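> I need the structure of the sequence given here:
(chains A and B)
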Amino acid sequence: MSANGYTKEQVIEALHDIAGEMHNKMLKGDPPTMTLPVRTKQNISFDSKLGVYKYGKKRSTRDATSLGSARQLLRALHVTEFIEEMIEAGKSSTLREMYYISEGWGHGKFGSQNESNNLAEDLEIITKCMREDFKLRPEEDGARIIGNITFEERNRRGEWMRINCRDDVGDSGYGVPYNVELEKLRLVDHDVDFVMAIETGGMFDRLVENGFDESSRCALVHLKGQPARSTRRIIKRMNEEWNLPVLVFLDGDPWSYRIYASIAYGAIKTAHISEYLATPSAVYLGIRAGDIESYDLPADDLSSKDIQALNAELSDPRFADADWQEEIKLMLELGKKAEQQSLAKYGLDFVTDTYLPEKLAEILGR
Amino acid sequence: MSFGLWEDLKGVVAMVDAEKIASKQKQISISEFFEKNKHFLGFDTLQRAVITAVKEAVDNSLDACEEARILPTIKVEINKLKGDKLELICQDNGPGIPRDSVEHVFGKFLLGSRFHAIRQTRGQQGIGITGVVMYSQLTTGSKTHVISKIKSDSSAVHVDLGLDTRKNKATKSNEIRDVWFEDGEEVVNGLKIKTVMKAKYQRGRQSVHQYLRMTSIVNPHATIQLTVRDGDGEIIDHGHWIRTTEKLPRVVEEIKPHPHGIHLGQLQRMLKEADERKLTSFLRHNFSGVSMRAAKEILSRAELEESRTPVRIKANEAQALLDSFQEVKLLAPPTDCLSPIEEILIKKGLSKAIDSRFASTVTRKPTVSQGNPFQIEVGLVFGGDLAADGPIEVLRFANRVPLMYQQGGCLMTKALESVNWKQYGLDHPGGKGLPKGPAAVLIHLASTNVQFTSEAKEAVSDNVEVGEEIRRAMLEVGRGLKNHLKKSKQKKKAQEKFDLINIILPEISRKSSEMLGREEPDLSPVITRIMNAVFLEDEVSWDNDAKQNICSVTIYNYTARARAYTILAKWPEGEGVSMVENPRGGRKETNGLWAWRLDTLNPGESAEIRFTVEGLTKGDWNETDIFFRGNGDIIGANKIDEKLLDEMRKVEALAVAEAEHSRDKDIGSLERVLDRAEPMEPSPSVAVTTSGDNLNEDWFGMKDGGAE
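The predicted model follows:
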């Protein structure tokens, strides 16, 4: 069983449909094709039923009339074969392992890891399966969590282990596994008021050292930059199953806006599974553009790439509402960006004694 | 190193003369002269001294071998000694020098007997080997040891040479006659010199190594070896450039100077030494391009009587004569006094020293500037081992002698830089300076009188005609490069398509069928849909056993319709080069262009045209151009430009007509010449044989490509 409830047989059948499309075309004397949704911001739209952004109706067809596309088609078949083998053998592999295994695929070999990651996503989108169904996992682990919450995780021997993320872990916290679905992870109990997701390891460690999780009764999640799927998924589960508010504490730059959007509304690349990953009620806490001025934070000038990114965000449907438009325009106007750790200008405790309490009062009314 | 050397000294002699005129009473000693002028004699620095010494020895060896029609094998050995001293050993397999001439050749700045005749030689650029003897003696007190063996003598001369600088004469010591052995074998003919001089060996762009490498490029007929050892006998640098051709450069004709290229001092000297009694015969006998009528006109303009005796002409009268030279229309000097390297040999020479993918060479027609015949040759190599970053390498040569210094100030470099290389596929930031990319350009100026910016003779001075010739040659090789790059790109694209339909598509078909447990589909309609074009692949390869080039052209019809084309291939037709096998027959279209007709190439079919060529050597021919006539495009070939082809045919027909004129005066029209030059041959067809009548009519009308 998987997140969307597909059986092994259904997963293989869905993959075979891709080969079927190619075969049917060739029978008709046409070049083989593979049809998939367009994966750009022009083709994501808000799904009001799910409260997240999903791919729209635009489809693109990859046909074997150019060498590049033909290779993609051949790769898709190789990957399908590989996934079938893993499903049969009860194994799984990392995306990186698959990239190296492709060395033996002749013309179907991947040119870069990026190509293999993208193709795995293509297959997910076409088949509506998830990567976990394909027995493929990312090589990087998920996030770390510290706080008074209790999970049960099934270990390699199939036994359920009970872990309290405050008492049973060291300073580095609980390591989130790549699969956080029900068959692997259960949310047992908690004694916190909210979840706070943090972009940088430095800030996460600062809050842990200052005992912020206990003093403010929260669970701290380290995002490690652009959060992995499992990180976004576990945040969503805590939000839904425990009904906890989610606050997102990031650097104050255009890239942080995108991290927030991927947590709250869904990422463009994974819009096909937004309903599993996105937490629409997540709140952006800071650093906000306005903080740079009101807290007089040490700031860097925006680079030309930053400005380009901000302008792109202005036309991104996820940032279409008035508040975001204002926030982005303010940053462009200031021409500055600031890191989370710039708060240290006022001392190591400033963030936990002053900045966060002020923000929490504003957002949660406490 | 032989009599050819005598001319070599004239440059220096001219300088000595000039000095003499300047200080009439004072007879300066030659060593003093050397000391004063060593910067432009090439002995100004310790690093340069060894290069100059090697240059004098090697240039003389090459000149001597050329004159004696011997394929040169030259060995250069440099051994480092203590205190900035080097031992230099140069050995050749040339004709040697007769015993009586040894001291003349090595010991004196001499006047040559043929002083007034001008000719393209290497040696005109240096001081000569005497300079080496003198430099060694001045810096280390060493004598120069010479071993010389001429074929007709039974033994070799072994002698130590020094210079009596006061008498301007060589001194001989320890002279013996003995058999000469090298590596256990008796030397039949050759020359070896061994000397010790104050000098420093250095590596890099200005080094003995680079000098010999460059020399070997423009002397593909020479084998040159370099070994450099440090004080412990350890080899620290070496090079071995083996000859790539057995063909010696042709013997150059001497010509008389042309009035447009002469200076006052030279004219005065010629007048002084003239045997003629009258000015008219003086002008006609000592200059080229002067007819009787021209001589009379020159003299009347100069207001000199025809019967005046040349030796009695005064300085102001000589000036008047010189002025009137410029006013009278004269015949151009003959140009057969030049010895170009020739395109194929430039290619071979470059391949000897540089590993590259592509070479484009051009030898321009000889032409004249200010009375001096000259000829420009350019070679461009691209790709392979050449470094892709940084400016291209420029290899400059004057009369087959490398120019290693003052690159920026040289006319050759300036002409190179004036070309817009961007349009020929090289990176040329701002269109200024040297272009960048994995390329090297060779420029060779052959002339009876190379004009340098200074006596150092390292940079060719500005000259509009020479500069323009170089630029035009550059444009020609540039076009070659552009074609090559375009072709490579096309080839890559075609290769991708072939991979797609021959490897990837069948694999997609096999895998998807297997996975689904279905039958494999018929791919031919799919291939037609994907390609929807006619492709052509060509390859020129070398059969080492048969010593033949094989040219193979394959045409694939991946369209839904039958096609018909005439395919034309360029091949290096020329003297001694002929087609051996050509099973499809076809016919000669014009010189160097052969044509085959392909009727009815059905969808999905391919056809091969294959022919072999004899008379070339490996590396002479690596790439061909393919053209076609017919409807629709062919990827990998260009549509023939009929206008250009007509021009080519006319030029060729005229040449044939001229050649036949004496034998056959009854030639009526051009068409008839053409008919004779290009006999009809039965044209092969791919599938269907066409009737002969049809074929002839079709051939020039070119309505083919039908079948649709």
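> how about the residues of chain B near chain A?
Proximity of chain B to chain A, by CB under 8 Å from any CB of the partner chain, involves residues B:496-497, B:499-500, B:503-505, B:507-509, B:511-513, B:515-516, B:518, B:521-523, B:525-526, B:529-530. C-beta: built from backbone N, CA, C; applies to glycine.
> how far away from the center of its chain is stretch B:326-339?
Averaged C-alpha coordinates place stretch B:326-339 at 22 Å from its chain's average position (CA atoms, centre = their mean, to the nearest Å).
> how about it: buried residues?
For stretch B:326-339, a neighbour-count test (16 or more other CB atoms under 10 Å in any protein chain shown) marks B:328, B:330, B:333-335, B:337-339 as buried.
> could these go into TSV alongside secondary structure?
Rendered in TSV, the data for those read as follows (DSSP: H, G, I helix; E, B strand; the rest coil):
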residue	secondary structure
B:V328	coil
B:L330	coil
B:P333	coil
B:P334	coil
B:T335	coil
B:C337	coil
B:L338	coil
B:S339	coil
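> let me know the closest of those to B:S207.
Nearest to B:S207 among the buried residues of stretch B:326-339: B:S339, at 27.0 Å, using CB to CB.
> could I get the pLDDT score of the closest one?
The predicted local confidence for B:S339 comes out at a pLDDT of 80.
> ok, B:G705 next?
In this model, B:G705 is scored at 36, pLDDT.
> also B:D522?
Here the pLDDT value assigned to B:D522 is 90.
> equivalent analysis for B:S23, please.
As predicted, B:S23 sits at a pLDDT of 39.
> same question, B:V688
The predicted local confidence for B:V688 comes out at a pLDDT of 34.
> and if you look at B:A14?
B:A14 is assigned a pLDDT of 41 by the prediction.
> and for A:R59?
Residue-level confidence at A:R59 comes out at 84, pLDDT.
> swap in B:E678?
Reading off the confidence values, B:E678 has pLDDT 39.
> in the stretch 301-450 of chain B, which spans are strands?
With DSSP state E, counting those that start in this stretch as the definition, the stretch 301-450 of chain B shows strands at residue ranges B:358-363, B:367-369, B:372-382, B:393-398, B:401-403, B:439-447.
> now those strands as a markdown table including mean neighbour count?
Formatted as a markdown table, the entries for these read as follows, by neighbours: other CB atoms under 10 Å in any protein chain shown:
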| stretch | mean neighbour count |
| --- | --- |
| strand B:358-363 | 23 |
| strand B:367-369 | 18 |
| strand B:372-382 | 26 |
| strand B:393-398 | 22 |
| strand B:401-403 | 24 |
| strand B:439-447 | 25 |
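> let me see the contact set for the residue nearest to B:Q206 when sequence neighbours are not counted.
Counting by CB to CB, 6 or more residues apart in numbering or on different chains, B:M404 is the residue found nearest to B:Q206 once chain neighbours are left out, at 5.3 Å. With contacts defined as CB atoms under 8 Å, 6 or more residues apart in numbering or on different chains, B:M404 is in contact with B:51, B:205-206, B:210-211, B:214, B:458.
> could you find the lowest-pLDDT member of those residues?
Sorting the contacts of B:M404 by confidence puts B:R205 at the bottom, with a pLDDT of 82.
> drop anything exposed from the contacts of B:M404.
Applying a neighbour-count criterion of 16+ other CB under 10 Å, the buried members of the contacts of B:M404 are B:51, B:210-211, B:214, B:458.
> now tabulate the residues you listed in JSON lines and tack on secondary structure.
Formatted as JSON lines, those follow (three-state DSSP):
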{"residue": "B:I51", "secondary structure": "helix"}
{"residue": "B:Q210", "secondary structure": "helix"}
{"residue": "B:Y211", "secondary structure": "helix"}
{"residue": "B:M214", "secondary structure": "helix"}
{"residue": "B:E458", "secondary structure": "coil"}
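> could you pull up phi and psi at residue 195?
Looking at chain A here, since you left the chain open. In this entry, A:V195 is assigned phi and psi values of phi -110, psi 130 (degrees, to the nearest 10).
> actually chain B
In this entry, B:T195 is assigned phi and psi values of phi -150, psi 160 (degrees, to the nearest 10).
> I figured it hits B:H145, correct?
Yes. B:T195 lies in contact with B:H145 (CB atoms under 8 Å); the separation is 7.0 Å.
> okay, those two: which has more neighbours?
When B:T195 and B:H145 are compared on other CB atoms under 10 Å in any protein chain shown, the one with more neighbours turns out to be B:T195, at 25 against 16.
> for the closest residue to chain B within chain A, grab the count of nearby residues.
Nearest residue of chain A to chain B: A:G29, at 3.4 Å (CB to the nearest CB). Taking other CB under 10 Å as the criterion, the count of residues near A:G29 is 15.
> ditto for B:G408
A count of nearby residues for B:G408, using other CB under 10 Å, gives 10.
> now do A:S172
The local packing count at A:S172 equals 13, with neighbours defined by other CB under 10 Å.
> so how far is the first residue of stretch A:312-331 from its last?
In stretch A:312-331, first residue to last residue: 13 Å (CA to CA, to the nearest Å).
> list the buried residues for that stretch?
Along stretch A:312-331, these residues count as buried under the neighbour rule (16+ other CB under 10 Å): A:313, A:316-319, A:324, A:327-328, A:331.
> same question, stretch B:192-200
Buried residues in stretch B:192-200, counted by 16+ other CB under 10 Å: B:192-199.
> CA atoms only: put that stretch into CSV for me.
What follows is stretch B:192-200, C-alpha atoms only, in CSV (Å, rounded to 0.1, in the frame of the first residue of the first chain):
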residue,chain,number,x,y,z
LYS,B,192,80.1,18.5,-39.5
ILE,B,193,81.0,21.5,-37.4
LYS,B,194,81.7,21.5,-33.8
THR,B,195,82.3,24.6,-31.8
VAL,B,196,82.2,26.0,-28.2
MET,B,197,80.5,29.4,-27.6
LYS,B,198,79.2,31.5,-24.8
ALA,B,199,75.5,31.0,-24.9
LYS,B,200,72.4,29.9,-22.9
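> can you list contacts of that stretch?
Residues lying outside stretch B:192-200 but in contact with it, judged by CB under 8 Å, 6+ apart, are B:46-47, B:49-50, B:53, B:57, B:81, B:84-92, B:129, B:132-133, B:135-136, B:139-140, B:142-148, B:180, B:182.
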